[in-house]
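Engineer: pasting the sequence and the predicted model now:
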Amino acid sequence: RHSNLHLTMVVVSAAAVPGADGTMAHAWESGAGEANWDTAVQEDEEGNIVTNQSLSGADLIRQRRFRQEQTDYSQKRKRVVRDMIRYLYVVVDASRWMRTKDPVLPPGSKIDVTLALLRNFVLEYYDQNPLSHLGFIVLRNGEAEVLSPLSSNAKAHLVALDAFRVLVASEPPNKGGELSLQNGLEVAGRSLGHQPRHGSREIVVLVGALSTCDPGNVLTDTVPRLQAANVRVSTFALSAEMHVCRKLANETNGIMGVCLDKTHFRDWLLGGQCTPPPKTKTIEGCEMVSMGFPTRISEDVPTLVHATRDTKLLSRTAYVCPQCQAKQSQLPTDCVVCGLKLVLAPHLARSFHHLFPVPVFEDIAIDQCLSSSTKDNTSKGDSVAVFRMDDGLVTKSSDFDRCCFACLKMIGTILKPEKNKNEKGPGEEALRFQCPSCKNVFCADCDAFLHETLHNCPGCLLNQS
């Protein structure tokens, strides 16, 4: 049965303004709008639409913490199994549909914004996954091209992304052709199929087109092979959701996202894809992975050192493989001669924090006092609560709970709103977060730093020592 689908298109006229080159362009392309619709309308924690003017700094912090609680396995007392070694391919749509501008992704085209975020993604990915490998594939003109193969060399990926950005800037806007999703999945799947089984095999697809031109059927030909190879595919649509992308993510236990704005794109890519995903299948056994801890040497005369599998360079410093005595230029890497994985002790330590995450801190009310000294040294005014510290030494939050345990900043105080601000209630200084293990209190900035960068609680570490 065939049904006719009628689409109603609403054309909204936008004021034209002269661009930098003298040509007429839309007003939203300049990014100089004071109240764009993409930044003026947002959602709160319960999904209700609110305006950006009503969101204070404290509300934005609570939204970030709400997203953390959705994936907080430490508080839910769940056993989480993650892969410490990941093999990830990022498949980037570089068709002609990515050369257009979007008011949601200012100021350049979609491909410009994507390549800029991918540079940050490379650095964040290797910072959180030092033992993992990363690769890039671009899709354009109906073909898939390997921009940079799987490797642990972040510098090689950054150079490849910069070179491709220069190439895109030199081409006309109508260049790029059509998107072929199946060709990109086939190229990435064949490469991931040869990787060791002890690591996770993942593909992240960034799509900006609304259609795909494939030589076959993705759902019946490609998806079964990806499932047999245990490849996880996650897709992110920059324009609108396609059924094939949603089906692909669901069948391979991946996630699907649709771009709301530039901040959402950054959060999905840097916040969601840098952390290793939990394993959903039952673990039958464990495999021993051989690793070597090389020795760093410095010589007066430069010698040939392996930079990659195909290139060498002259250097005075190098890392010597303990198994074959081959010289490598950087760590972590796989030895070019014997294939042994060469790492350092800090690399292993940075890979373990995903298995033992810091629990989400509890939000403490403003009028709640955790120490007796705070109750005795408090005086209230019209809109300001004044807390006085005595001359005693504060070693834990139970001594004085209005001081951040990490940075010693005064927190949990109700401050008067500034004259130029229309905040309805306390600001960020009124927020206090308590660790459920050590019971110490932290400010909003330290809470974000401990969960996103340090991955350790200083109060818990102090109790362990």
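Structural biologist: It's in.

Engineer: can we go C-alpha only for contacts and neighbour counts from here?
Structural biologist: Fine.

Engineer: tell me where this structure has helices.
Structural biologist: Secondary structure of the chain (DSSP state H): helices at 37-40, 57-70, 110-128, 154-170, 181-192, 223-228, 243-251, 262-266, 345-352, 372-376, 444-449, 458-464.

Engineer: possible to save the ones you listed as JSON lines with distance to Asp83, mean pLDDT and mean neighbour count?
Structural biologist: What follows is these, written out as JSON lines (distance: least, C-alpha to C-alpha, whole Å; pLDDT from 0 to 100; neighbours: other C-alpha atoms under 10 Å):
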{"stretch": "helix 37-40", "distance to Asp83": "37", "mean pLDDT": "52", "mean neighbour count": "14"}
{"stretch": "helix 57-70", "distance to Asp83": "20", "mean pLDDT": "66", "mean neighbour count": "15"}
{"stretch": "helix 110-128", "distance to Asp83": "12", "mean pLDDT": "93", "mean neighbour count": "19"}
{"stretch": "helix 154-170", "distance to Asp83": "20", "mean pLDDT": "93", "mean neighbour count": "14"}
{"stretch": "helix 181-192", "distance to Asp83": "15", "mean pLDDT": "95", "mean neighbour count": "21"}
{"stretch": "helix 223-228", "distance to Asp83": "18", "mean pLDDT": "94", "mean neighbour count": "17"}
{"stretch": "helix 243-251", "distance to Asp83": "19", "mean pLDDT": "93", "mean neighbour count": "17"}
{"stretch": "helix 262-266", "distance to Asp83": "23", "mean pLDDT": "88", "mean neighbour count": "17"}
{"stretch": "helix 345-352", "distance to Asp83": "9", "mean pLDDT": "84", "mean neighbour count": "14"}
{"stretch": "helix 372-376", "distance to Asp83": "45", "mean pLDDT": "49", "mean neighbour count": "14"}
{"stretch": "helix 444-449", "distance to Asp83": "24", "mean pLDDT": "87", "mean neighbour count": "18"}
{"stretch": "helix 458-464", "distance to Asp83": "25", "mean pLDDT": "87", "mean neighbour count": "12"}
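
Engineer: closest one to Ala144 among those helices?
Structural biologist: helix 181-192 (5.0 Å; C-alpha to C-alpha).

Engineer: who's in contact with that closest one?
Structural biologist: With contacts defined as C-alpha atoms under 8 Å, 6 or more residues apart in numbering, helix 181-192 is touched by 87, 89, 91, 137-139, 142-145, 201, 203, 212-218, 222, 226, 231.

Engineer: now that helix, how far from the chain's geometric center?
Structural biologist: Relative to the mean C-alpha coordinate of its chain, helix 181-192 is positioned 23 Å out (C-alpha atoms, centre = their mean, to the nearest Å).

Engineer: quick one: that helix to helix 243-251, angle?
Structural biologist: 30 degrees (axes from the mean of the first three to the mean of the last three C-alpha atoms, to 10 degrees).

Engineer: pull out the buried residues from the lengthiest strand in the chain.
Structural biologist: Looking across the chain with DSSP state E, the single longest strand is strand 295-306. Neighbour-count burial for strand 295-306, with 16 or more other C-alpha atoms under 10 Å as criterion, is recorded at 305-306.

Engineer: quick one: mean pLDDT for it?
Structural biologist: Regarding strand 295-306, the rounded mean pLDDT is 91.

Engineer: just how off-centre is that strand within its chain?
Structural biologist: What separates the centre of strand 295-306 from the centre of its chain is 36 Å, taken as C-alpha atoms, centre = their mean.

Engineer: dump that strand to PDB, keeping only the CA atoms.
Structural biologist: Provided in PDB are the C-alpha atoms of strand 295-306 (Å, rounded to 0.1, in the frame of the first residue of the first chain):
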ATOM      1  CA  THR A 295      63.300   2.800  29.400                       C
ATOM      2  CA  ARG A 296      63.900   6.400  28.300                       C
ATOM      3  CA  ILE A 297      67.400   7.100  27.000                       C
ATOM      4  CA  SER A 298      69.200  10.300  26.000                       C
ATOM      5  CA  GLU A 299      72.200  10.300  23.600                       C
ATOM      6  CA  ASP A 300      74.600  12.900  22.400                       C
ATOM      7  CA  VAL A 301      74.400  11.800  18.800                       C
ATOM      8  CA  PRO A 302      70.900  11.600  17.100                       C
ATOM      9  CA  THR A 303      69.900   8.200  16.000                       C
ATOM     10  CA  LEU A 304      67.000   6.700  13.900                       C
ATOM     11  CA  VAL A 305      63.800   6.300  16.000                       C
ATOM     12  CA  HIS A 306      60.500   4.800  14.900                       C
END
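
Engineer: which elements pack onto it?
Structural biologist: Counting contacts by 3 or more C-alpha pairs under 8 Å, 6 or more residues apart in numbering; DSSP states H and E, strand 295-306 is packed against strand 312-320, strand 327-328.
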